[in-house]
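Trainee: would you be able to build a 3D model of this:
(4 chains)
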2 protein chains.
Amino acid sequence: MTPQTIKVACSNCNLRELCMPLGLSEEQLKRLDEIVAVRRKVKRGGTLFRNGEPFTSLFAIRTGFFKTCVATEDGRDQVTGFQMAGEIIGLDGIVSDRHTCDAVALEDAEVCVMPFDNIEELSREVKALQHHVHKIMSREIVREHGVMLLLGSMRAEERLAAFLLNLVQRLHARGFSQSELVLRMTREEIGSYLGLKLETVSRTFSKFVEEGVVEVKQRHVRILDAGALRNIVNSQQACH
Amino acid sequence: MTPQTIKVACSNCNLRELCMPLGLSEEQLKRLDEIVAVRRKVKRGGTLFRNGEPFTSLFAIRTGFFKTCVATEDGRDQVTGFQMAGEIIGLDGIVSDRHTCDAVALEDAEVCVMPFDNIEELSREVKALQHHVHKIMSREIVREHGVMLLLGSMRAEERLAAFLLNLVQRLHARGFSQSELVLRMTREEIGSYLGLKLETVSRTFSKFVEEGVVEVKQRHVRILDAGALRNIVNSQQACH
DNA sequence: CGGCAGTTTGAAAGGCCTCAACGGGGGTGG
DNA sequence: CCACCCCCGTTGAGGCCTTTCAAACTGCCG
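Mentor: Predicted structure coming up:
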């Protein structure tokens, strides 16, 4: 329960372009370093924060992979997102000063802890940071719109295809392969995110394999025909 | 296409407590009036903004009722929310300087136009406003988490029950009845929001009526047993 | 080497969708 | 002011997709 912490600086972080605004002056960059208080390591399976805990900071993921999930009183729960390096986590806590979901590390991870008071203070002075914060929150809202579209109107194959395409696209933006990926989450977690049961996820993977669209070996996935995946997402049966 | 506009002030708006921060000084309140440039009327069926249009302003709903919806290239679309008086609309546009969804008035409406540049400028000076903006965006993120939970893990009855409870709760907070409401949207729009077909929505309404949980006459709904609705939402069949 | 979590696959059931027809109410135009 | 029309809502029947329940398999880790 005593989180490991390390002191550091943003200004020479190679992920800066992912989580920080561009085009800052030397002086502003230096001020940004004041935002990140410490880093914190989270072991695989550990939680960065939990539903109900006081909100104090946003977290920028440096390494590792997280899921966030919400739960109802009756035990049901729903994965609301998967987050990777350079993405910001914890925005849900701002409104009520408490986190409203759990953030769980799916592999050993390290995050930059950014006390929200610091962020607000500095973004009152640095216009670019202020706008950047607004954009990050807006981006999250738009992302969730996309998930609602997926959950509300797509069939199992479309959901999984969209999921895989989204994942490789984000990994590719981080310098990884455009066609190969390692899933950090279980079939059950994928299913929860996509509104499907784990068996349906598994079956849909098998179907993709049969069709020669992907290769799957455990959590290793190779996309053989990205065009086919895109077609599946955009197919939509019988429009009238 | 020439929107009707009216000049006005926030400081004596009776919805202020819904869309503006509390505990401001006289002087700060006066500054807030600078934010709202004009008001704008939107007729039933008209759009406040459309996907792809340049983003310049947020909108605070003064009167009326809106839906927001996103669409895919292949024509499918998804209602992402219903908004009523005092709620803020347009947050999706910040990230890309373009709106990414449509906002359609479901009844004649009037909104306060708040140019986002003004908001950012003033919130650099008024701490309470800055935090308020952050909270509004965070609230929207949390709301969408709830919708994802609904779409990802609930059955038709649970979805509709949750929908009705949410609607009356928000209406009640605005001084309307706790048990009676008039739906401003069609069954199809409800279905789109809930990830169901309109026939399923209709059938589920009928089922609720049979069970004596609600009375339905067209779009007029009277909740006879709110407890039963809450039970339906929290039921969740067979936990193991 | 065993145990276990995670995955795959099968078979049957069930819930929601599709297609279709009918009914009703409100708006519009004569 | 009335009549018509069209959109909206309701209901039925049948089918399909996903879920449920079950069993077997695999790879990893202690």
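
Trainee: so what's the residue most central in space within chain A up against?
Mentor: Chain A has A:Gln83 as the residue nearest its centroid, 1.9 Å off, counting by C-alpha atoms, centre = their mean. Listed by C-beta atoms under 8 Å, 6 or more residues apart in numbering or on different chains, the contact set of A:Gln83 reads A:Ile61, A:Phe65, A:Phe66, A:Lys67, A:Thr68, A:Ile89, A:Ala103. From N, CA and C alone the C-beta is placed, and that goes for glycine too.

Trainee: let's see which of those end up in strands.
Mentor: A:Ile61, A:Phe65, A:Phe66, A:Lys67, A:Thr68, A:Ile89, A:Ala103 (DSSP state E).

Trainee: for the first one, which residues make a bridge with it?
Mentor: This points to A:Ile61. Note on A:Ile61: beta-bridge partners A:Val111, judged by DSSP bridges.

Trainee: possible to save the ones in strands among the contacts of A:Gln83 as TSV with pLDDT and distance to DNA strand D?
Mentor: Shown next, in TSV, are these (pLDDT from 0 to 100; distance: C-beta to the nearest atom of the strand, whole Å):
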residue	pLDDT	distance to DNA strand D
A:Ile61	94	22
A:Phe65	96	15
A:Phe66	97	19
A:Lys67	97	18
A:Thr68	98	20
A:Ile89	97	25
A:Ala103	97	22
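
Trainee: from the contacts of A:Gln83, which is closest to DNA strand C?
Mentor: A:Lys67 (12.2 Å; C-beta to the nearest atom of the strand).

Trainee: compute the number of surrounding residues for A:Asn51.
Mentor: Neighbour count of A:Asn51, defined by other C-beta atoms under 10 Å in any protein chain shown: 18.

Trainee: same question, A:Glu120
Mentor: 18.

Trainee: contact partners for it?
Mentor: By C-beta under 8 Å, 6+ apart, the neighbours of A:Glu120 are B:Lys127, B:Gln130, B:His131, B:His134.

Trainee: what about 7 Å?
Mentor: Contact analysis of A:Glu120 by C-beta atoms under 7 Å, 6 or more residues apart in numbering or on different chains lists B:Gln130, B:His131.

Trainee: got the residues of chain A near DNA strand D?
Mentor: A:Arg155, A:Ala156, A:Glu157, A:Gly195, A:Leu196, A:Lys197, A:Glu199, A:Thr200, A:Arg203, A:Gln218 (C-beta under 7 Å from any atom of the strand).

Trainee: returning to that earlier point: just give me the closest of the ones in strands among the contacts of A:Gln83 to B:Val142.
Mentor: A:Thr68 (11.5 Å; C-beta to C-beta).

Trainee: helix or strand for the closest residue to A:Arg143 other than its chain neighbours, which one?
Mentor: With C-beta to C-beta, 6 or more residues apart in numbering or on different chains as the criterion, A:Arg143 has its nearest non-adjacent residue at 7.5 Å, and that residue is A:Gly81. Assigned by DSSP states H and E, A:Gly81 belongs to strand A:77-84.

Trainee: re the thing from before, now the buried members of the residues of chain A next to DNA strand D.
Mentor: Buried residues within the residues of chain A next to DNA strand D, counting neighbours by 16 or more other C-beta atoms under 10 Å in any protein chain shown: A:Ala156, A:Glu157, A:Gly195, A:Leu196, A:Thr200, A:Arg203.

Trainee: nearest to DNA strand C among these?
Mentor: DNA strand C lies nearest to A:Arg203 out of these, by C-beta to the nearest atom of the strand, at 4.9 Å.

Trainee: how about the strands of chain A, start to end?
Mentor: Under DSSP E, chain A gives strands at A:4-6, A:38-42, A:47-49, A:57-71, A:77-84, A:88-89, A:102-115, A:180-182, A:214-217, A:220-223.

Trainee: any idea of the mean pLDDT in the first one?
Mentor: If I follow you right, that is strand A:4-6. Strand A:4-6 comes out with an average pLDDT of 55.

Trainee: any low-confidence regions in chain A?
Mentor: A:1-8, A:236-240 (pLDDT under 70).

Trainee: same thing but at 80, please
Mentor: A:1-14, A:16-20, A:37, A:235-240 (pLDDT under 80).

Trainee: so what are the structural domains in chain A, by residue number?
Mentor: A:10-150, A:154-234 (the TED database).

Trainee: highest mean neighbour count out of these?
Mentor: With neighbours defined as mean count of other C-beta atoms under 10 Å in any protein chain shown, those peak in mean count at domain A:10-150, which reaches a mean of 19.
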